[in-house]
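> Sequence first, predicted model second:
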2 protein chains.
Amino acid sequence: MTPTRCTTAGAERSDAARNRALLLAAARRLVGEHGAEHVTMEAVAKEAGVGKGTLFRRFGDREGLLCALLDEAEADFREAYTCGPPPLGPGAPPVDRLAAFGCALIDRATAVTDLGSALARQLRPQNRNASESGRACRRHVATLLREAGVDAEHDLLANALLAFATFETVDFLTREHGVSADHLHKTWTDLIRLVTRPDGTTIGTAHDK
Amino acid sequence: MTPTRCTTAGAERSDAARNRALLLAAARRLVGEHGAEHVTMEAVAKEAGVGKGTLFRRFGDREGLLCALLDEAEADFREAYTCGPPPLGPGAPPVDRLAAFGCALIDRATAVTDLGSALARQLRPQNRNASESGRACRRHVATLLREAGVDAEHDLLANALLAFATFETVDFLTREHGVSADHLHKTWTDLIRLVTRPDGTTIGTAHDK
């Protein structure tokens, strides 16, 4: 199987793209120095040498700027699961790719040094869900569920499964209950195994097919 | 099968219990009149005719007061799934009870007039998870997964499944994507059916039994 070729996001005019890149680079430097939670629009504007108005016009608000940084920080991860080596990337059976993908998400949620994770934590759950990065994750899981032949509505089932790998759930289990990342991997892998295994019966299903 | 007898929470001294009940009644009145999001500790103290210090000593902070109200508001629901009629209550097969339980949670998350739901929305996810009401839900699902003979670690799998029925996930799907409550019921029921159905194979499982 030939890995899908990753394409760039859009065709921005080159000066607008250059300005955007400069603003994002300034924001990224400040996030690296002070942590995402301490970065203000004012400090980013100052660091980039532009007025605050320019920053707001470009990104809407602080959440918009963090979303843009997140999508950028997630590019490597997205590349890994769409074009990288198996089992995360193409070439492995869909069940193994689903298992690897959830484990990778759990690793990112438990990593203290991951930039994407630090940025995503700063976003409200609805903005995180609505980000390009969040949408790409759901599309990926839905596609693999379809490829695995799971008998359910794949888009919604992807949402249901991915709810386990959110910061809220992972934090609660690791911080409040002392559950290790390995233990969470095992639970995710168990869940995927249960959902994707061949059916042993056709009796008593609640599905109206 | 005889339904489990529900017992009261503890053996509080009667005057302390009476004071607590008065404070909760005052808070409940204000929540009913103004909505949980507008209720302050100051207003509750005034409504109950006590000093703010008394309220803080009793409940710690606003989240503590809301948690206590939530546990009280959830008593009827807890009674319904532990002692009420099947399929939510005892007497139905565990798979049907699991399906009914998740659908009931989704209904509560989508209901605009449910007091428990309004209170739970005001809590930070970690406090909501850690509340007695949240713990009881996870124990209930873990017990039913065990009874259904699911081959996995039941406590953690319960967390994984219940993540779908959280406000964050349900809100995102209903508000941002226009998914109906019925549609969410179907997804939950599909998920439960997939997780609990008899195994069609013993080959290729990721489980290290």
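Nice, I can see it.
> Show me what the lengthiest helix in chain A packs onto, helices and strands only.
Counting residues, the longest helix found in chain A (DSSP state H) is helix A:14-34. In terms of contact count using 3 or more C-beta pairs under 8 Å, 6 or more residues apart in numbering or on different chains; DSSP states H and E, helix A:14-34 is assigned the packing partners helix A:41-48, helix A:52-59, helix A:62-73, helix A:115-122. Quick note: C-beta positions are derived from backbone N, CA and C, even for glycine.
> just checking, next helix/strand downstream of the last one?
So that's helix A:115-122. Using DSSP states H and E, the helix or strand that follows helix A:115-122 in sequence is helix A:125-130.
> Quick one: closest of the helices and strands packed on helix A:14-34 to chain B.
helix A:115-122 (12.4 Å; C-beta to the nearest C-beta).
> And the average pLDDT for the closest one is what?
In this model, helix A:115-122 carries a mean pLDDT of 81.
> Can you confirm whether it lies near chain B?
No. Counting by C-beta under 8 Å from any C-beta of the partner chain, chain B is not contacted by helix A:115-122; separation bottoms out at 12.4 Å.
> what's the angle from that helix to helix A:62-73?
160 degrees (axes from the mean of the first three to the mean of the last three C-alpha atoms, to 10 degrees).
> circling back to that earlier point, and the longest helix of chain A, which residues are buried?
A:19, A:23-24, A:26-28, A:30-31 (16 or more other C-beta atoms under 10 Å in any protein chain shown).
> Let me see the domain layout of chain A.
For chain A, automatic domain parsing gives the domain ranges A:15-60, A:75-196.
> would you list those domains in a markdown table and tack on distance to residue B:57?
Listed next are the domains of chain A as a markdown table, based on distance: least, C-beta to C-beta, whole Å:
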| stretch | distance to residue B:57 |
| --- | --- |
| domain A:15-60 | 32 |
| domain A:75-196 | 25 |
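> tell me the most buried of the ones you listed?
For these, the largest average neighbour count (mean count of other C-beta atoms under 10 Å in any protein chain shown) is found in domain A:75-196, namely a mean of 19.
> tell me the contacts of residue A:48?
By C-beta atoms under 8 Å, 6 or more residues apart in numbering or on different chains, residue A:48 lies in contact with A:22-23, A:25-27, A:55.
> and the two most separated of the residues you listed?
Of all pairs drawn from the contacts of residue A:48, the one with the longest distance (C-beta to C-beta) is A:25 and A:55, at 12.9 Å.
> ok so, going back, list just the nearest of the contacts of residue A:48 to residue A:199.
The closest of the contacts of residue A:48, once distances to residue A:199 are taken by C-beta to C-beta, is residue A:27, at 49.3 Å.
> Return the residues in contact with that closest one.
Applying C-beta under 8 Å, 6+ apart to residue A:27 gives the contacts A:39, A:44, A:47-48, A:65, A:69.
> Recalculate using a threshold of 10 Å.
Residues counted as contacts of residue A:27 (C-beta atoms under 10 Å, 6 or more residues apart in numbering or on different chains) are A:36, A:39, A:41, A:43-45, A:47-48, A:55, A:59, A:62, A:65-66, A:68-69, A:72, A:119.
> again, but for residue A:112
Counting by C-beta under 10 Å, 6+ apart, residue A:112 touches residue A:118.
> Quick check on it: phi, psi?
When read as degrees, to the nearest 10, the backbone of residue A:112 gives phi -90, psi -20.
> any idea how far chain B is from it?
Separation of residue A:112 from chain B (C-beta to the nearest C-beta, to the nearest Å) stands at 18 Å.
> do the same with residue A:99
According to C-beta to the nearest C-beta, residue A:99 and chain B sit 6 Å apart.
> was I right about that residue contacting residue A:187?
No. At 11.2 Å, residue A:99 and residue A:187 do not qualify as touching, with contact defined as C-beta atoms under 10 Å.
> what's the closest of the buried residues of helix A:14-34 to chain B?
Closest to chain B, out of all of the buried residues of helix A:14-34 and judged by C-beta to the nearest C-beta, is residue A:31, at 23.7 Å.
> Need the nearest residue in space to that closest one, chain neighbours excluded.
residue A:39 (5.5 Å; C-beta to C-beta, 6 or more residues apart in numbering or on different chains).
> I'd assumed residue A:21 was in contact with residue A:58.
No. With contacts defined as C-beta under 10 Å, residue A:58 does not count as touching residue A:21, sitting 11.2 Å away.
> Wait, residue A:116 touches residue A:67, no?
No. Counting by C-beta under 10 Å, residue A:116 does not reach residue A:67; the two are 11.5 Å apart.
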